[in-house]
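Trainee: just the structure for this:
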Amino acid sequence: MRIGQRLAVIACALLATAGRAVPEKSETAKVGEAIYLRGVLPGGTPLEGTQSRMGIHQHGADAACVNCHQRSGLGSHEGASAIPPITSEYLFRPRLPRAHDGPAAIANLHRPRAAYTDVTLARAIRSGIDAEGRPLNDLMPRFDLDDASIAALVAYLRELSSHRSPGVTDAALQFATVVTPDADPAARRGMLDVLERYVAERNSAPLKPSPSSSVPGTHGSPTGMGVANRRWQLHLWALSGSPETWRSQLERQFAAQPVFALLSGLGTAHWGPVQEFCEQHAVPCFFPNVEVPVDGEQDFYSVYFSEGVLLEAELIAKAIASGDTSAGSPAVRQVYRRGDSGEAAAAVLATALRSRNVSVTSDALQADAATRSLNNALTRGHSAQILVLWLRPHDLAALARLDAPPPGRLYLSGIMSGLENAPLPPSWRASAALSYPFELPQRRGVQLDYARGWLSFNRIPVVDLRVQADTYLACTLLSDALKLMADHASGAYLIEQLHGLLEHRSLTGYYPHLALATRQHFASKGGYIVRFDAPQGTTVVADTAWTVP
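Mentor: Predicted coordinates for the structure are as follows:
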């Protein structure tokens, strides 16, 4: 083989492995993963666990190890009780009686002990006896597993968090932000202004080593440079073409430059390929600005501030269902443009209303149809008492060409229409209500003051305050979560630390409260139905209390 060919082969091999999150699990470890994460034994039977002294029996997913030891395996707290880490670096090395940060600090709340072997670990899982022959905490269930299941679980634990996450070096963390081709250009520039300035500002601060929590000989940083003290490097992954091609584009970007997490990002009606990519590679997707997020039941690595227009659909459905039904169930008609975010929202609303025996019809306009098509659709003879518009500002402004609004109640998507700045003609306002999945403008001033001040200090033009404030909030939450991770640059651990800090956050931007629990993806879960208080202006008044549908 010629030298040039040999170099080409080596380059291809490096490219193929550069983006791989972790080495492929062994078949045995994959069986153990199902036990650990889902409580499913070989053959599909459910895991059974018993907390003997408490008499509590656990079954299936409720008995899965992940519920206490977390996906990262790096432990947690249950009230006053510390759940120790169970990754290979903690199980198969002695527990030392010295202070550490992060997971090792949890481990050191327990007594020193010898390293586990496969035999003593099997005994601990089955009988609750540790490597020194002492009983484990009563919180630890006892599992009656056969030898094959034990071997699979031990194999998985030996690989758990034993490899450095992609995009991590001893001195830097690599991040990417993803922008889809349907993203608004002004919002894109505003988001990138925030990200670029935040990263530059953070990297300009002196970086200093922090105490390492790593056990000697593990994959932690040998320099003691904690995760929070590493430089950030940001990459823009701008997607193009149809959504069907995005996954392959992401794979190529990741192979060329592995990243630790996706930070913020901007999308409109399609985000599924991005989330699938993140889940496949265990890459956290940290609060993208997306109107139609994905709620994958088994997904873990993607978190959003809210469910976007899908939450709005649930808010509108609840408002319609709780309205005056003395004259019978109202007929509902909704209008949206194909391919836009309103298409997904309309489907959710139709399903929610039909489950309540409410009649729903939909008019789907072509994406590029002229605004007169909208006017024609609205002037057709329909008997619906309620009209729902999933439309953008330019379509709402065009409603002024109609002589009068249709009779009955009107609902708008707050997100799509521009919230309180929606250009709804004055004659339409008296019957109009907006779904509003944010704190009311008059109540969120203090929450936004810090973000506004930061934008002003850094001379960043305000082109889309909500996107820019959410992007800034995502950056600060990432920075705060990294401070809790000591030297463990694990994507799963990043999400777990976020869960712990989020509900104590005082500055929450557009949202009254943020919180995430296990298997939750949306930090803000409710909203209002609001109306305009005058034919002109941007003041809105809540028709409902904060509602979680």
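
Trainee: right, and the helix or strand after the one helix or strand L389 maps to?
Mentor: When elements are defined using DSSP states H and E, L389 is found to belong to strand 386-390. Using DSSP H and E, the helix or strand that directly follows strand 386-390 along the chain is helix 393-398.

Trainee: who does that next one touch, helix- and strand-wise?
Mentor: Helices and strands touching helix 393-398, by 3 or more Cβ pairs under 8 Å, 6 or more residues apart in numbering; DSSP states H and E, are helix 371-379. No exception for glycine: its C-beta is placed from N, CA and C like everyone else's.

Trainee: so what touches the helix it packs on?
Mentor: Where contact means Cβ atoms under 8 Å, 6 or more residues apart in numbering, the residues beyond helix 371-379 that reach it are 335, 363, 365-366, 387, 391, 394-395, 398-399, 401-402, 406.

Trainee: cutoff 7 Å now
Mentor: Contact partners of helix 371-379, identified using Cβ atoms under 7 Å, 6 or more residues apart in numbering, comprise 335, 363, 365, 395, 398, 401-402, 406.

Trainee: give me the buried entries from these.
Mentor: 335, 363, 365, 395, 398, 406 (16 or more other Cβ atoms under 10 Å).

Trainee: could I get those as TSV with pLDDT and distance to T538?
Mentor: Formatted as TSV, the entries for the buried ones among the contacts of helix 371-379 read as follows, by pLDDT from 0 to 100; distance: Cβ to Cβ, whole Å:
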residue	pLDDT	distance to T538
V335	94	24
D363	91	28
L365	92	27
D395	93	19
A398	90	20
P406	82	24
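
Trainee: of these, which pair is most distant in space?
Mentor: Taking Cβ to Cβ as the measure, the buried ones among the contacts of helix 371-379 span a maximum distance of 16.0 Å, between L365 and P406.

Trainee: hang on, isn't D118 packed against A152?
Mentor: No: checked against Cβ atoms under 7 Å, the pair D118 and A152 is beyond contact range at 11.9 Å.

Trainee: more neighbours: which of the two?
Mentor: The residue with more neighbours, out of D118 and A152, is A152; 24 against 13, by other Cβ atoms under 10 Å.

Trainee: which strand or helix spans the residue positioned nearest the centre of the chain?
Mentor: The residue lying closest to the centre of the chain (Cα atoms, centre = their mean) is V303, at 0.8 Å. Assigned by DSSP H and E, V303 belongs to strand 302-303.

Trainee: give the bridge partners for the residue nearest to the centre of the chain, please.
Mentor: Here V303 sits in beta bridges with F286, going by DSSP bridges.

Trainee: ok, it touching H521?
Mentor: Yes: the criterion here is Cβ under 7 Å, and V303 meets it with H521 at 5.8 Å.

Trainee: that older thread, could you list the residues in contact with the strand holding V303?
Mentor: Among residues not part of strand 302-303, those counted as contacts by Cβ under 7 Å, 6+ apart are 275, 278, 285-287, 294, 495, 498, 516, 521, 523.

Trainee: now it: mean pLDDT?
Mentor: Averaging pLDDT along strand 302-303 gives 97.

Trainee: which secondary structure elements does whatever helix or strand comes next after that strand contact?
Mentor: Sequence-wise, the next helix or strand downstream of strand 302-303 (DSSP H and E) is helix 309-321. Using 3 or more Cβ pairs under 7 Å, 6 or more residues apart in numbering; DSSP states H and E as the contact test, the elements touching helix 309-321 are helix 341-354, strand 409-413, helix 414-417, strand 432-436.

Trainee: and H521, what does it touch?
Mentor: 295, 299, 302-304.

Trainee: try it again with 8 Å
Mentor: Residues near H521 by Cβ under 8 Å, 6+ apart: 293-296, 299, 302-304.

Trainee: just the buried residues from these, in PyMOL please.
Mentor: Written as a PyMOL command, the selection of buried residues from these, which uses 16+ other Cβ under 10 Å, is:
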select buried, resi 293+294+299+302+303+304
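
Trainee: can you lay out the contacts of H521 as a markdown table showing distance to G453?
Mentor: A markdown table is the format used below for those (distance: Cβ to Cβ, whole Å):
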| residue | distance to G453 |
| --- | --- |
| P293 | 29 |
| V294 | 33 |
| D295 | 34 |
| G296 | 36 |
| D299 | 35 |
| S302 | 30 |
| V303 | 26 |
| Y304 | 25 |
